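Peer 1: Show me how the following folds:
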Amino acid sequence: MEIYEEIKADRESGTKRLVAEYRARLTTAAEMLCRDSHEAEDLVFRAFEQAILKIDEFRPTGSFYYWIYTILLNFHRMDLRKKSARPEMLARGEMPDVEDESNPFKEFVFRGSAEAVRTAVKMLPDNFREVVVLRFFEEMSTAEISKVTGVPEGTVRSRLHYAKDALHAMLSQTELSPDFTARLLKATRPKGWLFRRSSVAALAILLGFAAVAMGVGSVLAAVAVKTESAAGRTESVSSGSPLWKVLSGSSTFSPEADEVDRAVESGLKFIATQQRPDGSFQGQYGDSAALPALVGMACLSKGHLPGSEPYGEMILKSLDYVLSTADMSGNAQFRGYMGAKANGRMYAHAIGTLFLSEMSGMVDDARQARIDEILPQAVRVILDAQNQKKSHPAHLGGWRYQPFSNDSDLSCSGWCLMALRSARLNGVRLPVDAIEKAVLYIKRCQRENDGCFSYQWNNGQHAERLTGAAILCLELCGKHLDPDAMKGAQYVAKTYRRALAANHGNVHYGLYYTSQGLFQLGGDLWKDFEGWMYETYLQRQKPDGSWRGNGDESNPVYSTSMAILAFTVPYRMLPIYQRDETVDADEEGKETK
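Peer 2: Numbering: from 1, shown residues only. This next block holds a predicted model:
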């Protein structure tokens, strides 16, 4: 029985197995993200808690571990957004000074551990305990504490710093809370569990009496019938005697999913052989910011982390190269622009910006400082390009090849919109109408009679490759199941088998957008496409692990990266592809104009 099945069947047993098999691996990943063992433990706990509570939402079309890891990663990114000062970056173009005054109670108070923290605080020397109580109990600022105590503000900060270190030291030696597994079981205990437990016990007693009266065989047959009618899925366990039927469970890893995993790893292994020492790649577009960014996101989409084996070094080298393409010179026409290198233009700039935003919060301090310096400037380039005077009202809200272009196209606009969306999810406050203008532009690209979305205007040009891009962008911007998106999805459903089966044109580009767009919609549209995609494109992978295209897709690093991004969509590892409608509600009216 797979873990997710065991959790459904017996929460206590399944929870213990979940912790035993996945806790160490997830904790290692969490510590790399948080750089703090206590925050990492809390992050893993919350991920397990959410996974158990939402276990019925897991679809066994991919890795159960990656599903939980995605939950953990999303919690981490939400924590970063809450703590981050990045919302001010866009207006100022720089990072504000931030005092390190995080509340140790938030770091240490896991479920059931408040008493341990209070005990540790009482053990602090008087001068340290005083500032801790005023800061974290009374919620005074350091300036207010200075006035109350008569101690210089710098001394207050110093005492807070050493007090927190002392708390860390004491609490690391303390049993912070009840056993991890026991806490998890308590936290995920279903509402009304006592009543249900009593009901089950009562039912068992009644069945016992019934067994005496009716005979064990009759009762088992009755239970089997009940089980079959309730579950709708049965399988024969043994032959002979009365036929017993029990629930059957599908594997967490379908054979197809295992084959996809192997194909993705093989593709990443091929890509790694093509990277140059400076982080760029061989072949067409290899010197632009776009290809290293796509490679980095392909690695992240499979769950590989920067700095960890086997592809962590490739991710970091890709990041370093993308950062190096940003023009941060004092006389730069577009400061932070990443599209000048290798004629990458706004495509490369948008993809590079998206990559930087997705990597933010996952790297060392030095690289994070570079991201914090460049990212707000890169976002500003995208916003300024959107606001260029357009040659026709139909182009309003979109983007084209250059920062100063006066027209727009759906392909470039899709990347720019995703970059803005990712930046917003990462805490950057955007002008109120920036994303809405882009959504209106995308909708103007739709052809009325069949619902397809076109490269420019609404004439159907490249619609078979780009309609998925429009669906994805609408979904990511909170327009879930928008009527225009659904009409486009019906067009895609009728055309993808023909359009993406050919091995010419931008098929891997179309595959990526179609996969991402239909996955966001879900349902039968995604299920039908998913099966077809894997069946068709697994066969196209070369012995060296690459996928190969023609024309603009002649570089196998590019086509392989796009195929991987399409294949890994069920893993949902990249934060940008999480449909987060709450960010719009939370930030409504708070954006900077």
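Peer 1: residues in contact with the helix or strand harbouring Gly296?
Peer 2: Gly296 is located in helix 290-301, with elements delineated by DSSP states H and E. Here helix 290-301 makes contact (C-beta atoms under 8 Å, 6 or more residues apart in numbering) with 267-268, 271, 275, 279-281, 285, 311, 314-315, 317-319, 321-322, 344, 347-348, 351-352, 354-355, 358-359, 555, 557-558, 560-562, 564-565, 568-569, 571, 573-574. Just so you know, the C-beta spots here come from the backbone N, C-alpha and C atoms, and that holds for glycine as well.
Peer 1: Please give me every residue in contact with Gly397.
Peer 2: Here Gly397 is in contact with 386, 408, 413, 437-441 (C-beta under 8 Å, 6+ apart).
Peer 1: Filter these down to the buried ones and hand me the PyMOL line.
Peer 2: Per 16 or more other C-beta atoms under 10 Å, the buried members of these correspond to this PyMOL selection:
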select buried, resi 386+408+413+437+438+439+441
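Peer 1: Among the contacts of Gly397, which pair sits farthest apart?
Peer 2: Ser408 and Val439 (13.1 Å; C-beta to C-beta).
Peer 1: Run through the stretch 1-150 of the chain and note the low-pLDDT ranges.
Peer 2: 32, 35, 59-63, 77, 80-119, 126, 137-139, 147-150 (pLDDT under 70).
Peer 1: All the helices of it, in order from the start?
Peer 2: 3-9, 11-34, 37-53, 64-83, 89-92, 104-108, 114-122, 126-132, 142-149 (DSSP state H, counting those that start in this stretch).
Peer 1: Redo the ones you listed as CSV? Include mean neighbour count and distance to Val492.
Peer 2: Formatted as CSV, those follow (neighbours: other C-beta atoms under 10 Å; distance: least, C-beta to C-beta, whole Å):
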stretch, mean neighbour count, distance to Val492
helix 3-9, 19, 31
helix 11-34, 18, 35
helix 37-53, 21, 32
helix 64-83, 20, 25
helix 89-92, 17, 35
helix 104-108, 19, 45
helix 114-122, 15, 53
helix 126-132, 18, 58
helix 142-149, 16, 56
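Peer 1: Which of those sits closest to Lys479?
Peer 2: helix 64-83 (20.6 Å).
Peer 1: Please name every helix or strand in contact with that closest one.
Peer 2: Here helix 64-83 touches helix 11-34, helix 37-53, going by 3 or more C-beta pairs under 8 Å, 6 or more residues apart in numbering; DSSP states H and E.
Peer 1: Now render the ones you listed as a markdown table, adding distance to Leu294.
Peer 2: As requested, the helices and strands packed on helix 64-83 are arranged in a markdown table below (distance: least, C-beta to C-beta, whole Å):
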| stretch | distance to Leu294 |
| --- | --- |
| helix 11-34 | 23 |
| helix 37-53 | 28 |
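Peer 1: And those helices: which comes nearest Leu73?
Peer 2: Closest to Leu73 of these is helix 11-34 (C-beta to C-beta; 7.5 Å).
Peer 1: Which elements pack onto the closest one?
Peer 2: Using 3+ C-beta pairs under 8 Å, 6+ apart: helix 11-34 touches helix 3-9, helix 37-53, helix 64-83, helix 180-187.
Peer 1: if we go to 6 Å?
Peer 2: Applying 3 or more C-beta pairs under 6 Å, 6 or more residues apart in numbering; DSSP states H and E, one finds that helix 11-34 contacts helix 3-9, helix 37-53, helix 180-187.
Peer 1: quick one on the thing from earlier: now distance to Leu430 too, for the helices of the stretch 1-150 of the chain, in CSV please.
Peer 2: Converted to CSV, the helices of the stretch 1-150 of the chain look like this (distance: least, C-beta to C-beta, whole Å):
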stretch, distance to Leu430
helix 3-9, 38
helix 11-34, 25
helix 37-53, 28
helix 64-83, 14
helix 89-92, 7
helix 104-108, 28
helix 114-122, 39
helix 126-132, 38
helix 142-149, 32
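Peer 1: between those, which gets nearest to Arg335?
Peer 2: Closest among the helices of the stretch 1-150 of the chain, once you apply C-beta to C-beta, is helix 89-92, at 13.2 Å.
Peer 1: hmm, back to that, nearest to Tyr455, out of the helices and strands packed on helix 11-34?
Peer 2: Comparing the helices and strands packed on helix 11-34 by C-beta to C-beta, helix 37-53 comes nearest, at 40.4 Å.
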